[in-house]
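**Student:** no letters, just coordinates:
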């Protein structure tokens with residue numbers, strides 16, 4: 001699990017704690033602590049990707065027969081935490097529905113996502129495949145060091161996300 005200072009450093013102040021009245025009571029102790037102490041990123045990555053800071057945090061979703069607490073959405077998926085655990089999952093509303101493991105807990109997700117976000121300008125500016133491959137390789141090593149489970153299975157969200165980065169789709 002990431003220390004709060006590590007997360008704050010990678011986001012360079014672009015985090016806002018979530019007021020306790022916007023955190024579901026069934027969220028785990030760790031999830032509640034991350035949300036109330038560190039918070040969620042405040043920067044919008046694009047018009048299609050954003051972290052919730054409003055009443056959407058209070059709306060659990062049922063997905064493939066399981067309950068989740070969403071905290072982020074993009075054009076493809078919701079990112080959410082299971083209330084009876086700490087794991088973060090990507091929920092894809094396709095047929096059949098797809099649930100991809102992302103991180104062991106919300107703190108690790110915010111930290112790892114911050115690592116990716118910090119390298120996006122370099123990825124977009126890279127003009128050679130070897131540059132992109134090197135950046136993605138560095139990200140892979142840092143994510144694996146932070147949360148080994150994030151890259152433990154080929155079906156995990158981070159592997160598909162890093163593959164998109166490698167292909168210039170981020």
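**Tutor:** Yep, that arrived. Because the structure is a prediction, the values reported are computed rather than measured. Numbers count the residues shown, from 1 in each chain.

**Student:** contacts for the helix ranked longest in the chain, please.
**Tutor:** The residue-count maximum for a helix in the chain (DSSP state H) belongs to helix 106-125. For helix 106-125, the surrounding residues in contact (C-beta atoms under 8 Å, 6 or more residues apart in numbering) are 1-2, 4, 6-7, 10-11, 15, 30-31, 34-35, 38, 40-41, 43, 45, 71, 79, 81, 86, 88, 102-103, 131-132, 135-136, 138-139, 142-143, 146-147, 150, 158, 161, 165, 168, 170. All C-beta atoms are positioned from the backbone trio N, CA, C, and that covers glycine.

**Student:** per-residue confidence for the residue most central in space within the chain?
**Tutor:** In the chain, the C-alpha nearest the mean C-alpha coordinate belongs to residue 109, at 4.3 Å (C-alpha atoms, centre = their mean). If you check residue 109, the pLDDT there is 96.

**Student:** could you report the distance from it to residue 90?
**Tutor:** Separation of residue 109 from residue 90 (C-beta to C-beta, to the nearest Å): 10 Å.
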